[in-house]
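Asker: here is my input, please return the structure:
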Amino acid sequence: MFRRLFPTTIVLCVVATVSACAGYAPSADTVGQRREELIQQLGQPERETVFDGKKKLQFPRGPGGSHTYFVYLNDEDRVVDWEQVLTEARFNQILPGMTNDQVIDLIGISRITHGLARERGYVWHYRYWNTGCSSFVVEFASDDVVRSASYRIRGGRQCKYVGQ
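Answerer: Numbering: from 1, shown residues only. Here you go, the predicted structure:
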């Protein structure tokens with residue numbers, strides 16, 4: 001009897017766990033949803049701000065953050081729009097002199113960061129889906145201001161995980 005119940009129990013546990021996980025990305029059905037439905041679908045946002053009078057919720061995704069979705073809510077806490085913001089068009093707007101808050105408002109929070117030697121600042125890496133195996137790198141001075149921003153080619157196994 002135990003041998004029969006054990007596989008069934010395992011299957012039920014796996015199904016319950018998978019169904020409880022948050023979704024990866026917004027869908028066409030996301031627009032019009034209430035905030036509670038959105039959070040049930042995507043999980044808790046990483047950050048919430050106000051942009052042009054609308055609430056902006058940020059959802060970084062992927063093991064290296066290869067997608068970041070901004071979801072916009074109106075005054076009634078209903079989704080009015082969403083977008084994937086890790087794009088070259090947005091990266092090209094990052095300029096020296098911007099603050100880290102301005103970068104976050106434009107492309108979200110980086111999942112891959114490291115400090116620079118002698119406390120000269122820090123670097124944020126943004127992996128994003130592209131065919132060239134590139135990532136976008138923002139270097140900040142110790143005062144949280146962008147020193148430089150550029151594209152880097154990744155090699156080896158790191159490239160295999162982009163977009164998955």
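Asker: okay, the residue most central in space within the chain: pLDDT?
Answerer: Central residue of the chain (Cα atoms, centre = their mean): P60, 1.5 Å from the mean position. Looking at P60, its pLDDT reads 92.
Asker: list phi and psi for it.
Answerer: Backbone dihedrals for P60, given as degrees, to the nearest 10, come out at phi -70, psi 140.
Asker: what residues of stretch 88-106 count as buried?
Answerer: For stretch 88-106, the neighbour count (16 or more other Cβ atoms under 10 Å) marks 90-91, 94, 98, 100, 102-105 as buried. C-beta: built from backbone N, CA, C; applies to glycine.
Asker: ditto for stretch 136-148
Answerer: In stretch 136-148, counting by 16+ other Cβ under 10 Å, buried: 136-140, 146-147.
Asker: if we can go back for a sec, just put the buried residues of stretch 88-106 in JSON lines and tack on secondary structure, distance to R127 and pLDDT.
Answerer: Shown next, in JSON lines, are the buried residues of stretch 88-106 (DSSP: H, G, I helix; E, B strand; the rest coil; distance: Cβ to Cβ, whole Å; pLDDT from 0 to 100):
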{"residue": "R90", "secondary structure": "helix", "distance to R127": "14", "pLDDT": "97"}
{"residue": "F91", "secondary structure": "helix", "distance to R127": "12", "pLDDT": "97"}
{"residue": "I94", "secondary structure": "coil", "distance to R127": "15", "pLDDT": "98"}
{"residue": "M98", "secondary structure": "coil", "distance to R127": "20", "pLDDT": "98"}
{"residue": "N100", "secondary structure": "helix", "distance to R127": "18", "pLDDT": "94"}
{"residue": "Q102", "secondary structure": "helix", "distance to R127": "21", "pLDDT": "96"}
{"residue": "V103", "secondary structure": "helix", "distance to R127": "16", "pLDDT": "97"}
{"residue": "I104", "secondary structure": "helix", "distance to R127": "16", "pLDDT": "94"}
{"residue": "D105", "secondary structure": "helix", "distance to R127": "20", "pLDDT": "93"}
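Asker: of these, which is the nearest to V50?
Answerer: Of all the buried residues of stretch 88-106, the one sitting nearest V50 is D105; the distance, using Cβ to Cβ, is 10.3 Å.
Asker: could you find the closest non-adjacent residue to G108?
Answerer: In this structure, G108 finds its nearest non-sequential neighbour in T68, 3.7 Å apart by Cβ to Cβ, 6 or more residues apart in numbering.
Asker: now for the one you found, how many residues are close by?
Answerer: 25 (other Cβ atoms under 10 Å).
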